[in-house]
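Asks: model this:
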Amino acid sequence: MSIKNQFGPAGWTPELLNSLTGKCYVITGANTGAGFEATRMLLSKGAKVVMLNRNPLKSDEAIAKLRQEFGVNTDVSFIKMDLAELASVRQAASDLLNTTPKIDALICNGAIAQVATQQFTKDGFESQLGVNHYGHFLLCGLLFERLNESNGRIVVVASEGYKMGLKTIQFNDMDWDKNYHPNKTYCHSKLAQMMFAYELQNKVAAANKNVQVYVCHPGAANTSLIGENVNFITRFTWSLIVKMGLAQSAEQGAYPEVMCATEKNLKQRAYYGPSGRWNWSGPVGECTLESFALEPNVLSKLWAVSQKQTAFKWTF
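Replies: Residues are numbered from 1 along each chain as shown. This next block holds a predicted model:
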């Protein structure tokens, strides 16, 4: 069933952005790809952006490029953070809270995808679940009160892959020791991110807090997500998709997350992104949200498991 696009036939585009002067946005994984393009869009409207990145050299290069484009006084900075290490997430959150009195939106953009063989984070989690879900779960929790004070937003960048895996959470083997599969395990991690967001919506509403939570996807965007950790067949297939023109640009892939961080009158219990064929590209707007992503028992159990694994208990 198609959903009427509230932004018209062209969907949401950056032309709809108003001035963002005085606003502050925090973006994970922002030195390349869609995160970098989102940073560009926000800076172009006068916002302040703090990037949370793993690689200092690439971050410095990104900042230099942005200041060359927008001016030396452009308010963009980075804090070193590795989502694969919970201690790093805690330190980055502490540094951010000490230097950033107001956060209008946290965009959970950073991710790894389709890692060819089973790998683990420093804390012992399957790498895709650890980086994509647990790292962001902890970060959102550590920054939640600052976001609440700012009437801020959390934007979870999910993936159409959530439809392609198990369509539930594999609680009996979260690290996929028995059936590791690069794509299915990636899909599992992105579904976990979505379920976290929808359960957070439930808890925010119950506690009457001031944080809005949105979920989006970038479509098939030509970014660096398919990297050296991906097997040859996947890399080759993706290269064909790009050459055939079926993938959109990284800039277009950033539209949904920028929209969710800035646009008024969006639904929270929704799923936004490109709405064309297969949701790979096309006008950005509301997309169909599959009901299994909202299964109450799975949402609440995942929340409990995530609190235990990250050793972080949310308070509302």
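Asks: give me the number of residues near residue 140?
Replies: When neighbours are counted by other C-beta atoms under 10 Å, residue 140 registers 22. Quick note: C-beta positions are derived from backbone N, CA and C, even for glycine.
Asks: Also residue 85?
Replies: Around residue 85 there are 18 residues (other C-beta under 10 Å).
Asks: Likewise for residue 15?
Replies: Look at residue 15: counted by other C-beta under 10 Å, it has 6 neighbours.
Asks: cool, and residue 71?
Replies: Here the count is done by other C-beta under 10 Å, and residue 71 has 9 residues near it.
Asks: Same question for the one 10 residues further on.
Replies: Residue 81: 24 surrounding residues under other C-beta under 10 Å.
Asks: Quick check: phi and psi on it?
Replies: Torsion angles at residue 81 (phi, psi; degrees, to the nearest 10) stand at phi -150, psi 130.
Asks: And it, how far from residue 66?
Replies: 18 Å (C-beta to C-beta, to the nearest Å).
Asks: tell me the SS of residue 12?
Replies: State at residue 12, reduced to three classes by DSSP: H, G, I helix; E, B strand; the rest coil: coil.
Asks: show me what contacts it?
Replies: Residue 12 is in contact with 255, 256, 259, 263, 283, 284, 285, counting by C-beta atoms under 8 Å, 6 or more residues apart in numbering.
Asks: Mind doing that once more with 7 Å?
Replies: Residues near residue 12 by C-beta atoms under 7 Å, 6 or more residues apart in numbering: 255, 259, 263, 284, 285.
Asks: State the mean pLDDT of the helix or strand hosting the first one.
Replies: When elements are defined using DSSP states H and E, residue 255 is found to belong to helix 250-262. Taken as a whole, helix 250-262 has an average pLDDT of 94.
Asks: got the CA coordinates for it in CSV?
Replies: The C-alpha coordinates for helix 250-262 follow below in CSV (Å, rounded to 0.1, in the frame of the first residue of the first chain):
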residue,chain,number,x,y,z
ALA,A,250,25.4,9.9,-0.7
GLU,A,251,23.9,13.4,-0.6
GLN,A,252,20.5,12.0,-1.5
GLY,A,253,21.0,9.3,1.1
ALA,A,254,21.3,12.0,3.7
TYR,A,255,18.0,13.6,3.0
PRO,A,256,15.9,11.4,5.3
GLU,A,257,18.1,11.9,8.4
VAL,A,258,18.3,15.6,7.9
MET,A,259,14.6,15.8,7.4
CYS,A,260,14.0,13.8,10.6
ALA,A,261,16.4,16.1,12.5
THR,A,262,14.8,19.3,11.4
